[in-house]
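Q: any chance you could fold what I've pasted below:
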Amino acid sequence: LDFYGFELVDENTGEIRRLSDDSYKSCFRNLNSASHNYLRITRILKCLGEFKYEYLKFPFLAAILRESITENTLSNCLRSCKDYWIETLRSPEERRAIRQYARELVEYRNKGMTPPKSHKAHRPRPTSAVRKQIDVEH
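A: Numbering: from 1, shown residues only. Presented below is the predicted three-dimensional model:
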């Protein structure tokens, strides 16, 4: 996360934020200009799911969408996020929810508004089938 300009806020939820000092700026510049990192991020996200860290993907994607759409700091990442990274989410409900969040951010932007700080991506509760899969994996 540090390499990409982020830090983990909550280990249980996977919430992240951009680094608090200005060091995120050079990381974001690099991420925006070095698209070879995008395939690496796809692989990292897939690995998270394989190693029982699926829950970390959703907050990462929400942060990337917020930075790309609202803050316009990672605009070059948006296509990879929409076309590849969201697709790494195993849960169809989570994929729908994160796409809905992206649409909401675009609506705010199109209206010339910034979403309130309280506007967050809402992760759906796991269905019983997903909960069973998680129980089997753990």
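Q: only C-alpha atoms from now on, for both contacts and neighbour counts.
A: Fine.
Q: and the strand or helix carrying G49, how far out from the chain's middle?
A: Element membership of G49 [criterion: DSSP states H and E] is helix 36-50. Centre-to-centre, helix 36-50 and its host chain are 12 Å apart (C-alpha atoms, centre = their mean, to the nearest Å).
Q: buried residues in that helix?
A: When burial is assessed from 16 or more other C-alpha atoms under 10 Å, helix 36-50 yields the following buried residues: 38, 41-42, 45-46, 49.
Q: and which of the residues you listed is nearest to A121?
A: Of all the buried residues of helix 36-50, A121 sits closest to L45, with 17.9 Å by C-alpha to C-alpha.
Q: picking up where we left off before, can you put the buried residues of helix 36-50 in TSV and add distance to R95 and pLDDT?
A: What follows is these, written out as TSV (distance: C-alpha to C-alpha, whole Å; pLDDT from 0 to 100):
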residue	distance to R95	pLDDT
Y38	19	95
I41	17	97
T42	15	97
L45	14	98
K46	14	97
G49	14	95
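Q: shaky segments in this protein?
A: Within the chain, the ranges that satisfy pLDDT under 70 run 127-138.
Q: run the last query once more with 90
A: Applying pLDDT under 90 to the chain flags the ranges 20-21, 34-36, 117, 125-138.
Q: tell me the centre residue of this structure?
A: Closest residue to the average C-alpha location of the chain: L61 at 1.0 Å, with C-alpha atoms, centre = their mean.
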